[in-house]
Each structure stands twice: as C-alpha cells, then as structure tokens.
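> sequence and predicted structure below; questions after.
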Amino acid sequence: MMARDEVSEKKRLALGAEVRMRRKTKGWSRDDLFVEVRKRAGTIGSNEITRIEQGKVWPRADTLGQVAAALETSVAELTGSPSPCAPKPAGFLAVVVDLLLILERLIHALPDEAHVARLKGWMRDRPTVSN
C-alpha cells in the first residue's frame, strides 16, 4: 500500500471529486458531512473534509472509512480501487465459466423420463429384506 504522501495529485483530486459529488447528491453541505462522520464516532477534524475535497490530502485509512460510512458507500467505491478481498474480474469470470460447465454436466447427467420410470418400477418391485 502507498504511503499517504506518495499518493498522486491525480488520485487525491479524483477522491475529492468523488466525495464532493456523493455529498452533493445527498444535498449535504460540508458541515452536514462533518456532522454525519462525527455521529458515527468519527475522529475527523472540522477542516479535513474541505482538504479532502480539494485534493490537498489523502486521508488516513480510518478517516477514509469514516467518510465512506457517512456517505453510505465503500472505500473501494470512493477511491475507485477494488477491495483486496474482491475477486479480480478475470478470476471471477473464470469461476463463473467453471460453474456453468459443472451445471451443464449436471443437467446432462439427469435421468430421462424412461430411466426414471424404470427406476420407479425397480423401487416398487425390489425385494424387501426383513429382519
């Protein structure tokens, strides 16, 4: 993970724009967002939101999480970065293809109607074992 001071200006500006857009979508002022963060036991400073939105700082991980929670989104959505836990698209696609192939095999393995009728007849006519 990059150190906070190594984050490019482009990324800081993109994060700021995303936070601002989501805040405005909710009809909130910066003060409203500050209050929401603090309601959730956030430790954000009063001018931190302004500095984030202006792209002047890359917030600490805990601050970023608090802002994301207040905006009812994820850090990954705010930063445009996939979660480290999320499957990679190519990997995810490979899993889906594998599951579809398994499903296809299962469908073809299902007995047809004649087989089911023979099986039911065998079950009905089978000898019973009594103790």
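Happy to help now that I have it. Numbering: from 1, shown residues only.

> how is the protein partitioned into domains?
Following automatic domain parsing, one finds the domains of the chain at 4-79, 89-125.

> longest single helix anywhere in the chain?
Counting residues, the longest helix found in the chain (DSSP state H) is helix 89-109.

> off-centre distance for the lowest-mean-pLDDT helix or strand in the chain?
The helix or strand of the chain with the poorest confidence is helix 89-109; it has a mean of 73 (mean pLDDT, DSSP states H and E). Relative to its chain's centre, helix 89-109 lies at 22 Å (C-alpha atoms, centre = their mean, to the nearest Å).

> what's the answer for stretch 16-28, then?
20 Å.

> who's in contact with it?
29-30, 32-33, 36, 49, 52-55, 67, 71, 73, 77-80 (C-beta atoms under 8 Å, 6 or more residues apart in numbering). For every residue, glycine as well, the C-beta is placed using N, CA and C.

> same thing but at 7 Å, please
With contacts defined as C-beta atoms under 7 Å, 6 or more residues apart in numbering, stretch 16-28 is touched by 33, 52-55, 67, 71, 73, 78.

> show me which of those is closest to Lys120.
Ranked by distance to Lys120 (C-beta to C-beta), the contacts of stretch 16-28 are led by Thr73 at 54.9 Å.

> give the contact list for that closest one.
Thr73 touches Arg22, counting by C-beta under 7 Å, 6+ apart.

> can you do 6 Å?
With contact set as C-beta atoms under 6 Å, 6 or more residues apart in numbering, Thr73 has no partners.

> Three-state assignment for it, please.
Classification of Thr73 by DSSP: H, G, I helix; E, B strand; the rest coil places it in coil.

> for it, grab phi and psi.
When read as degrees, to the nearest 10, the backbone of Thr73 gives phi -140, psi -180.

> I'd like the contacts of stretch 16-28 laid out as CSV, including secondary structure and pLDDT.
Output for the contacts of stretch 16-28, formatted as CSV (DSSP: H, G, I helix; E, B strand; the rest coil; pLDDT from 0 to 100):
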residue, secondary structure, pLDDT
Leu33, helix, 91
Ile52, helix, 93
Glu53, helix, 93
Gln54, coil, 93
Gly55, coil, 92
Val67, helix, 91
Leu71, coil, 91
Thr73, coil, 87
Leu78, helix, 86
